[in-house]
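J.: pasting the sequence and the predicted coordinates here, then a few questions.
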Number of protein chains: 2
Amino acid sequence: MIKVVEWGTGEMGQGLLKFILDRPRDIELAGCIVTNPAKDGKTVGELLGRPCDVVMSTDFEKVLAEAKPDVVCINTQSNLHEVTGQVHPAIRSGADVICIAEKISYPWASDPDWAETVDAMAKEQGVSVLGTGINPGFMLDALIVMWSSVCLRIDSIKATRVNDLSPFGPTVMKGQGVGTTVQEFEAGVADGSIVGHIGFPESIMLIARALKWEIDEIVETREPIVTSVERSTPHVHVAPGDVAGCRHIGKGYSKGELKIELIHPQQIHPHLEGQDTGDYIEIHGDPDVNMANKPEIPGGKGTYASTGNYIPLMKDAPAGMLTVVDMPLPRFLTPSV
Amino acid sequence: MIKVVEWGTGEMGQGLLKFILDRPRDIELAGCIVTNPAKDGKTVGELLGRPCDVVMSTDFEKVLAEAKPDVVCINTQSNLHEVTGQVHPAIRSGADVICIAEKISYPWASDPDWAETVDAMAKEQGVSVLGTGINPGFMLDALIVMWSSVCLRIDSIKATRVNDLSPFGPTVMKGQGVGTTVQEFEAGVADGSIVGHIGFPESIMLIARALKWEIDEIVETREPIVTSVERSTPHVHVAPGDVAGCRHIGKGYSKGELKIELIHPQQIHPHLEGQDTGDYIEIHGDPDVNMANKPEIPGGKGTYASTGNYIPLMKDAPAGMLTVVDMPLPRFLTPSV
């Protein structure tokens, strides 16, 4: 039995809680930390609508001290500075840490000092810290690395993830610029309110870490996906000529040569203009890899599945700040019966 | 620098030798063992038509003793009893061992005693033994395991590898029954002269090992691929109504339920009947995986690429008889410059 504390109970946290509760003979939910005071004192069972007596609490120090978890899973925010106050106490509690913040999948990309501090803390405590998720964490990095192992030569890598944002709420629509005019989109990119995908530098550097490539320049571009037909969701209406999503591209160069190109157009209802959703990997080399997975693995499910499935792999991982390319081949955790 | 001795200089061995010679700052070719006396005393350079002074020798004990390799790569035959006389002395020399014999990818499937003996020998010497290859070793097992890590639930797995045998010589044609009549094919399957693919029990058990599934029955079937059009290669001519290849299927059951189905139709010129070659993985669960890689990764290149790329991962592997699902995420070994 692995004792786990879950930190965060949004959509991702709830998905992971269900994953854990589906494996009662493998993982014990030893505690649950919330940030929203409205949830404090309620049970996980009330939140999920299924039996579970674990009480949610905002008092994280108390939960960590009492639960004595083997692993703390942090499903809260995206950026390093937003999760510092969660990662540090989790490490100090002596637990291994898995976190879905996109930036922690390769924290050296955005804040090397943050990464080194966590690495030192984790080594001092003898625990491992890992960033996971569908992307970064699998589709545009670890899976590419896996495929690279059947190649004799690699010239360049190009991978594309085409997904459908339609199920998401207003926050995602805003961050991707869905429903804006082209002019508003350009202004939003310029002022940072339209961010597109978080994780390109991290995925590029994960590939580079595994393949020992020296990537010396990363360029990101965000272009509006202008729709020619009307597209709508309960949260947004997009007229022809306006923006249905953000075509975000990350390029990694080595000495001026394009080595890694990651393309992630995110939009509502891509099929309305004949665009299939899917995950695509091209490795140009000897032999070529030309992979498609259609439709795409859903981002939410893929993220909490990946996180949950890494839980049993943490015990034998070396201490320190790790990445998915430092880990064993990941695999589905079959529930014990 | 990793010191490697290559054992075997057939097509696979030659491919791996080139992989090694392409990485002169990463891997040192410390010796080369041949079984064919006609090659004894010649250099690898003569064999490959490129500069290399390493002398090939049938005296394996002398090569192993003088080269003191870190890793011995064995690219010779398919079955365990055929490689015993190579694996044992390689272990005794104190080297890690990588071997492409299909049966060694999961030796417990065909000969548990053999596997346990090698495991004990390897642990005594503090070395690791690993079976690799495109299949078994990657396409119908390790890659499936990788994909399983983004699933919340898995009901069953189905994977298909459709390849083109046209480039191969008469031995392969015979083993797959290419050019036989349907009657001859059935007789060949019955008497064991038509074997189809070697490795289904191994791939099925590799998946089961990683996913902790109890597979209690494995059933293999071999059906003739009857051509409706004429198909020919320099080595074989197949008339309409005769056999262009072998559709070999391996099924793994748990308590009567089909959990893993691996399908490997091998034939000459599949495109003549509109059949695309490729590697296909379906995981039926939540979410589904529906992957295609087209065309397929060529078996030869994929096998020696996979083998070569595992070389640097052997140093930190635990002692004993290992499998690809016990190893770190494999990755392309970029040649140092």
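T.: Structure's in. What do you need? Predicted, not measured: the structure shown is a model, and the values here were computed from it.
J.: any weak-confidence spans in chain A?
T.: In the predicted model, chain A carries no residue with pLDDT under 70.
J.: tell me the domain boundaries of it?
T.: Here the domain assignment for chain A is A:2-133+A:301-326, A:142-296, based on automatic domain parsing.
J.: the ones you listed into a markdown table, with extra columns for mean neighbour count?
T.: Every C-beta, even on glycine, is put in place using the N, C-alpha and C of the backbone. A markdown table is the format used below for those (neighbours: other CB atoms under 10 Å in any protein chain shown):
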| stretch | mean neighbour count |
| --- | --- |
| domain A:2-133+A:301-326 | 20 |
| domain A:142-296 | 19 |
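J.: can I get those in JSON lines with distance to chain B?
T.: Formatted as JSON lines, the domains of chain A follow (distance: least, CB to the nearest CB, whole Å):
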{"stretch": "domain A:2-133+A:301-326", "distance to chain B": "4"}
{"stretch": "domain A:142-296", "distance to chain B": "4"}
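J.: of those, which approaches residue B:10 most closely?
T.: domain A:142-296 (17.1 Å; CB to CB).
J.: gap between the two ends of the closest one?
T.: Chord length of domain A:142-296, first to last residue, is 16 Å (CA to CA, to the nearest Å).
J.: re the thing from before, put together a markdown table for the domains of chain A, with distance to residue B:171 on each row.
T.: Formatted as a markdown table, these follow (distance: least, CB to CB, whole Å):
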| stretch | distance to residue B:171 |
| --- | --- |
| domain A:2-133+A:301-326 | 39 |
| domain A:142-296 | 23 |
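J.: so which residues of the stretch 201-337 of chain A form strands?
T.: Counting by DSSP state E, counting those that start in this stretch, the stretch 201-337 of chain A has strands at residues A:217-226, A:231-233, A:236-238, A:243-254, A:257-267, A:278-286, A:289-293, A:320-322.
J.: any idea of the angle the first one forms with strand A:257-267?
T.: With axes from the mean of the first three to the mean of the last three CA atoms, to 10 degrees defining the directions, strand A:217-226 sits at 30 degrees from strand A:257-267.
J.: who touches strand A:217-226?
T.: A:177, A:180, A:182, A:185-186, A:189, A:194, A:196, A:200-201, A:204-205, A:241-253, A:256, A:265, A:267 (CB atoms under 8 Å, 6 or more residues apart in numbering or on different chains).
J.: please work out the angle formed by the directions of it and strand A:243-254.
T.: Using the same axes, to 10 degrees: strand A:217-226 against strand A:243-254 is 160 degrees.
J.: now the helices: where do they sit in the stretch 51-200 of chain A?
T.: In the stretch 51-200 of chain A, the segments counted as helices under DSSP state H, counting those that start in this stretch are A:60-67, A:80-92, A:112-125, A:142-148, A:170-176, A:182-191, A:200-211.
J.: for the second one, packing partners?
T.: This points to helix A:80-92. Judged by 3 or more CB pairs under 8 Å, 6 or more residues apart in numbering or on different chains; DSSP states H and E, the packing partners of helix A:80-92 are strand A:2-7, helix A:60-67, strand A:71-74, strand A:96-99, helix A:112-125.
J.: ok, residues contacting it?
T.: A:5, A:7, A:60-61, A:64, A:72, A:74, A:76-77, A:97, A:99, A:101, A:103-104, A:107, A:110-111, A:114, A:118, A:121-122, A:125, A:127, A:129.
J.: rerun that using 6 Å as the cut-off
T.: Residues from elsewhere that reach helix A:80-92 (CB atoms under 6 Å, 6 or more residues apart in numbering or on different chains): A:7, A:72, A:74, A:77, A:97, A:101, A:103, A:107, A:111, A:114, A:121-122, A:125, A:127.
J.: hmm, which two among these are most spread apart?
T.: A:77 and A:125 (22.6 Å).
J.: enumerate every residue touching residue A:125.
T.: By CB under 6 Å, 6+ apart, the neighbours of residue A:125 are A:91, A:94.
J.: can you report phi and psi for the closest residue to residue A:100 other than its chain neighbours?
T.: Using CB to CB, 6 or more residues apart in numbering or on different chains and skipping the chain neighbours, the partner closest in space to residue A:100 is residue A:133 (4.7 Å). Residue A:133 adopts backbone torsions of phi 140, psi 170, taken as degrees, to the nearest 10.
J.: spatially central, which residue of chain A would that be?
T.: Centroid-nearest residue in chain A, with CA atoms, centre = their mean: residue A:133, separated by 3.3 Å.
J.: so it touches residue A:99, yeah?
T.: No. Residue A:133 is not in contact with residue A:99 according to CB atoms under 6 Å; the separation is 9.0 Å.
J.: export the helices of the stretch 51-200 of chain A to a markdown table and append columns for distance to residue B:149.
T.: Converted to a markdown table, these look like this (distance: least, CB to CB, whole Å):
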| stretch | distance to residue B:149 |
| --- | --- |
| helix A:60-67 | 26 |
| helix A:80-92 | 22 |
| helix A:112-125 | 23 |
| helix A:142-148 | 9 |
| helix A:170-176 | 25 |
| helix A:182-191 | 34 |
| helix A:200-211 | 15 |
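J.: what's residue A:214 in contact with, if anything?
T.: So residue A:214 contacts residue A:254 (CB under 6 Å, 6+ apart).
J.: tell me the phi and psi of it?
T.: phi -90, psi 100.
J.: ok, now which ones touch residue A:310?
T.: Per CB under 6 Å, 6+ apart, neighbours of residue A:310: A:98, A:132.
J.: now do it against residue A:29, distance only.
T.: Residue A:310 is 16 Å from residue A:29, where distance means CB to CB, to the nearest Å.
J.: with residue A:203 instead?
T.: 31 Å.
J.: same question for residue A:118.
T.: 25 Å.
J.: go on, residue A:171?
T.: In this view, residue A:171 and residue A:29 are 27 Å apart by CB to CB.
J.: ok, now residue A:220?
T.: 38 Å.
J.: same check, this time on residue A:58
T.: 17 Å.
J.: do residue A:287 as well
T.: Distance, residue A:287 to residue A:29, using CB to CB: 45 Å.
J.: next: residue A:267.
T.: The value you get for residue A:267 to residue A:29, if CB to CB is used, is 36 Å.
J.: could I get the strands of the stretch 201-337 of chain A in JSON lines, plus columns for distance to residue B:216?
T.: Formatted as JSON lines, the strands of the stretch 201-337 of chain A follow (distance: least, CB to CB, whole Å):
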{"stretch": "strand A:217-226", "distance to residue B:216": "50"}
{"stretch": "strand A:231-233", "distance to residue B:216": "48"}
{"stretch": "strand A:236-238", "distance to residue B:216": "52"}
{"stretch": "strand A:243-254", "distance to residue B:216": "47"}
{"stretch": "strand A:257-267", "distance to residue B:216": "43"}
{"stretch": "strand A:278-286", "distance to residue B:216": "34"}
{"stretch": "strand A:289-293", "distance to residue B:216": "31"}
{"stretch": "strand A:320-322", "distance to residue B:216": "36"}
